[in-house]
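*Asks:* I need the structure of the sequence given here:
(one chain, ligands or ions: 3)
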Amino acid sequence: METDLRLESSLWIGNRRYRAVLTGWYFNWTEVDKKNRDKKTIAVPVAEVVGVEEGRVEILLQKLVEDTDKDFTVFYVKRSNSGGSSGLLWRLGRTQFSCPSRVLRDQWTKHLRTALKTHGPLRPHRLLVFINPFGGKRKARKIFHSVVAPLFELAGISSHVIVTERANQARDHLLKKDLTDFDGVVCVGGDGMFSEVLHGLIGRTQQEAGLCENDPTVTLHPCPLHIGIIPAGSTDCVCYATVGVIDPVTSALHIIIGDSQPLDVCSVHHASSLVSYSVSLLGYGFYGDVLAESEKHRWMGPLRYEYSGTMVYLSNRSYAGIVQYLPADPLLSSPRDKTRCLSGCSVCSRSTDRLFSHSSDSGSLYSSQFSQFSSDSEGDWVSVEGRFKCVSLTCMSSSCPRSPLGLSPSAHLADGTGDLILVWDTHPLGFLKFLYRHTSTQDQFDLPFVEVHRVKAVRFSAPSGKEEEGYEEIGGLSGGIDEEERGYDETESSSGSQQHLTERVRGREMTNEPKTPSPFLCGLCCSKTPAASVWNCDGEILPFTEILCRIHGQLVRLYARGIEDGAAVHSSEESDKSERTCILHK
Ligand SMILES: Nc1ncnc2c1ncn2[C@@H]1O[C@H](COP(=O)(O)OP(=O)(O)OP(=O)(O)O)[C@@H](O)[C@H]1O
Ligand SMILES: CCCCCCCCCCCCC/C=C/[C@@H](O)[C@H](CO)NC(=O)CCCCC
Ligand SMILES: [Ca+2]
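*Replies:* Ligands and ions are numbered 1, 2, ... in the order given. Next comes the predicted model:
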């Protein structure tokens, strides 16, 4: 029986008979036993079908086709637990079907392919791929050619591959070269490679729209091309936080089926010029120092961060700073609300309506967002000054294998806000506790010297004189201010409650008292501490201390869908294992 896209017939897998049904949204097949009783059903959303091939086809190391005229093979997404990561691993499922006639076989392949076109409007046909052969463990080339390219070929995607020969080649290519005919850009590498692609695409889009990126008040145009990330770097934070696992096959499958995940981007400005864009970490103090230290040890590969983190921790530095921020609407969400931004997140979906509600009237969008930065709304900015172990701004959770819930576990990928984390100068053991909590499910914000704010914009400056190259006689593990000294209550959370204040001063910077260095760490950390740190912007060091940052909601789109909640996803594999019938209707 056949109506429009619907097709239903008996099919065979091996010598077992199945009732196969293609509805608009699902392709499912149910084993029928000799007494005509239905047994288990496997249901695959059409949107997750990777490809349909005539014959009995396998792609292991290379494509093998046994061309029998009554058979066809369906490839689709199959989920499995990732064993520790936050998301689900995706694998290529494959089932070979036999039909009683060639006519029926051709009907099935034709209907399935038509359904794929209807339910995969964002599936890419042509991709521009940049491979960084030097990222992470230097395996990017191998990962692409052995794992990703065969999957793209199976899905009928043609790729133009560029193996980079220098830093910023991908960015420059995207800024200048012809990009017509490409549906998306894929980077095979780490966060640094992603950042290049991000800068190239945002810059190109604004050039073409005639917008000035240097002006922080301008509402930037969202990029039309999607970005895919095949993880092959050291941290791979953007991949982990948007997919939930670091796995090239999973990422390739998200690209193939044309998943689409919007992402907030923070623009960083200095003296009326754009400095950079950031999506994961804009960090001053600890994270800036770790990056600066790690650049000296690139030869160590991904381990450079562990080594540098330890060295910087032992040097026990803190920095004076003035932080100003524009709080986001507290009625929409909070960084302490213990929710997580998962696939299909309702906070992000509501933000889409809010962020783009005036898009047909660009004048009103410009003016509504501009008012946040104009001088007459200066009163909305909150200002704090003091000594900080670190100041971090992240547009998303920034989860990664080192920190499975991330810098801000309740941050949202696409809500148009960022989370500002202020860690005031404290005793080294307190700071260690803060860092350590990133590796577990313990709340790193529930510490008296930590506060977190959901924001739309941030300004940072060092008190006058601190920005210039200079050193202070502080440092050493026994330095810092302990909590009793400040009179903090360990159990009390310090964030949120102080948001109404517009001017605050904390920490020892006001006294400028030198700290006493630990005698046993003399050689390592009693040296003079620099008066200013550097900004770590998604793994790049920024050349300025004084910056203005603004979050641009949903400025780019990735081939991803956010982190899937393992318990909530009704996978085809699940219904395969449990011997129950599972017919899914949308
Ligand atoms: N051919 C190349 N030679 C030297 N550097 C390159 C080349 N191609 C890209 N790069 C630069 O290498 C830097 C690091 O690359 P990438 O992000 O892929 O790896 P990583 O630093 O190991 O990982 P992560 O950023 O996740 O920590 C990027 O900032 C990029 O600009
Ligand atoms: C006692 C245990 C201490 C453990 C400390 C764990 C803290 C982990 C937080 C990790 C947050 C990563 C945020 C992502 C940043 C990326 O944009 C950037 C580029 O890849 N990576 C780094 O700067 C690399 C930053 C590496 C920091 C260590
Ligand atoms: Ca966000």
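
*Asks:* residues from the stretch 251-400 of the chain in reach of ligand 2?
*Replies:* Proximity of the stretch 251-400 of the chain to ligand 2 is confined to Ser280, Leu281, Tyr287, Val290, Leu291, Tyr305, Gly309, Ser398, Cys400 under the rule C-beta under 6 Å from any ligand atom. Just so you know, the C-beta spots here come from the backbone N, C-alpha and C atoms, and that holds for glycine as well.

*Asks:* among the residues you listed, which two are most distant?
*Replies:* Based on C-beta to C-beta, the longest span within these runs between Ser280 and Gly309 and measures 16.4 Å.

*Asks:* residues in contact with Ser403?
*Replies:* Ser403 sits next to His438, Thr439 when contact means C-beta atoms under 8 Å, 6 or more residues apart in numbering.

*Asks:* phi first, then psi, for it.
*Replies:* Summarising the backbone geometry of Ser403 under the convention degrees, to the nearest 10, its torsions are phi -140, psi 90.

*Asks:* per-residue pLDDT, it?
*Replies:* pLDDT for Ser403: 95.

*Asks:* quick one: it and Ser251, what's the gap?
*Replies:* Applying C-beta to C-beta, to the nearest Å, one obtains 20 Å for the distance of Ser403 from Ser251.

*Asks:* was I right about Ala328 contacting Arg454?
*Replies:* Yes. Under the criterion of C-beta atoms under 8 Å, Ala328 is in contact with Arg454, at a separation of 4.4 Å.

*Asks:* by proximity to ligand 1, which residue of the stretch 351-500 of the chain wins?
*Replies:* When distances are taken as C-beta to the nearest ligand atom, the stretch 351-500 of the chain reaches nearest to ligand 1 at Cys400, 8.4 Å away.

*Asks:* so who does that residue touch?
*Replies:* Thr235, Asp236, Cys237, Tyr240, Ala241, Gly406.

*Asks:* recalculate using a threshold of 7 Å.
*Replies:* With contacts defined as C-beta atoms under 7 Å, 6 or more residues apart in numbering, the neighbours of Cys400 are Thr235, Asp236, Cys237, Tyr240, Gly406.

*Asks:* circling back to that earlier point, so Ser280 and Gly309 - more neighbours on which side?
*Replies:* When Ser280 is set against Gly309 and neighbours are counted by other C-beta atoms under 10 Å, the residue ahead is Ser280, at 28 against 18.

*Asks:* report how many residues lie close to Gly210.
*Replies:* By the measure other C-beta under 10 Å, the count of residues near Gly210 is 7.

*Asks:* tell me how far it lies from ligand 1.
*Replies:* With distances taken as C-beta to the nearest ligand atom, to the nearest Å, Gly210 is found 28 Å from ligand 1.

*Asks:* and the closest residue in space to the residue of the stretch 351-500 of the chain closest to ligand 1 that isn't next to it in sequence, how far from ligand 2?
*Replies:* Of all residues not flanking Cys400 in the chain, Cys237 sits nearest, at 4.2 Å (C-beta to C-beta, 6 or more residues apart in numbering). In this view, Cys237 and ligand 2 are 4 Å apart by C-beta to the nearest ligand atom.

*Asks:* ok, Arg437 next?
*Replies:* With distances defined as C-beta to the nearest ligand atom, the gap from Arg437 to ligand 2 amounts to 9 Å.

*Asks:* what is the neighbour count of that residue?
*Replies:* Arg437 has 18 neighbouring residues, counting by other C-beta under 10 Å.

*Asks:* for it, give me its contacts.
*Replies:* With contacts taken as C-beta under 7 Å, 6+ apart, Arg437 has the following neighbours: Asp443, Gln444.

*Asks:* correct me, but the residue nearest to Cys400 touches Phe194?
*Replies:* No. Applying C-beta atoms under 7 Å, one finds Cys237 not in contact with Phe194, separated by 8.9 Å.

*Asks:* ok, these two, which is more surrounded?
*Replies:* With neighbours defined as other C-beta under 10 Å, Cys237 and Phe194 compare such that Cys237 has more, 30 against 27.

*Asks:* least confident of the contacts of Cys400?
*Replies:* Looking at pLDDT alone, the contacts of Cys400 dip lowest at Thr235, where the score is 86.

*Asks:* now do the phi/psi pair for that one.
*Replies:* Main-chain torsions, Thr235, degrees, to the nearest 10: phi -110, psi -40.

*Asks:* which residues sit in contact with it?
*Replies:* Remark: with contacts taken as C-beta under 7 Å, 6+ apart, Thr235 is in contact with Gly190, Asp191, Cys400.

*Asks:* tell me the contacts of the most centrally placed residue in the chain?
*Replies:* Within the chain, the residue whose C-alpha comes closest to the C-alpha centroid is Val238; the distance, by C-alpha atoms, centre = their mean, is 3.1 Å. If you count contacts by C-beta under 7 Å, 6+ apart, Val238 has them with Asp191, Phe194, Ile229, Val279, Ser280.

*Asks:* let's see 8 Å
*Replies:* When contacts are counted by C-beta under 8 Å, 6+ apart, Val238 touches Asp191, Phe194, Ile229, Val279, Ser280, Asp538, Leu558.

*Asks:* ligand 3: which of these is nearest?
*Replies:* Distances from the contacts of Val238 to ligand 3 were compared by C-beta to the ion; the smallest belongs to Val279, at 9.0 Å.

*Asks:* how about the residues of this structure by ligand 1?
*Replies:* The chain comes close to ligand 1 at residues 132, 134-136, 164-168, 189-193, 196, 233-236, 539, as judged by C-beta under 6 Å from any ligand atom.

*Asks:* write the ChimeraX selection for whichever of those are buried.
*Replies:* With 16 or more other C-beta atoms under 10 Å as the criterion, this ChimeraX line picks the buried residues out of the residues of the chain next to ligand 1:
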select :132,135,136,164,189,190,191,192,193,196,233,234,235,236,539
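
*Asks:* point out where the chain drops to low pLDDT.
*Replies:* By pLDDT under 70, the weakly predicted segments of the chain are 1-4, 36, 60-64, 66-67, 83, 358-378, 465-528, 567-586.

*Asks:* could you list the domains of it?
*Replies:* Under the assignment named as automatic domain parsing, the residue ranges that make up the domains of the chain are 2-120+566-577, 125-259, 265-341+377-551.

*Asks:* would you format those domains as CSV with distance to ligand 3 included?
*Replies:* As requested, these are exported to CSV (distance: least, C-beta to the ion, whole Å):
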stretch, distance to ligand 3
domain 2-120+566-577, 17
domain 125-259, 11
domain 265-341+377-551, 4
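
*Asks:* in this structure, what residue is nearest ligand 2?
*Replies:* Evaluated by C-beta to the nearest ligand atom, the chain has Gly539 as its residue closest to ligand 2, separated by 2.8 Å.

*Asks:* that residue contacts Met193, correct?
*Replies:* No. The pair Gly539 and Met193 fails to qualify as a contact (C-beta under 8 Å) at a distance of 10.0 Å.

*Asks:* of the contacts of Thr235, closest to Gln554?
*Replies:* Distances from Gln554 to the contacts of Thr235, taken by C-beta to C-beta, are shortest for Asp191, at 19.6 Å.

*Asks:* show me the contacts for that closest one.
*Replies:* Applying C-beta under 8 Å, 6+ apart, the residues near Asp191 are Gly233, Ser234, Thr235, Asp236, Cys237, Val238, Ser280, Asp538, Gly539.

*Asks:* in CSV: the residues you listed, plus secondary structure and distance to Gly156.
*Replies:* Converted to CSV, the contacts of Asp191 look like this (DSSP: H, G, I helix; E, B strand; the rest coil; distance: C-beta to C-beta, whole Å):
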residue, secondary structure, distance to Gly156
Gly233, coil, 28
Ser234, coil, 33
Thr235, coil, 33
Asp236, coil, 27
Cys237, helix, 31
Val238, helix, 27
Ser280, coil, 33
Asp538, coil, 33
Gly539, coil, 34
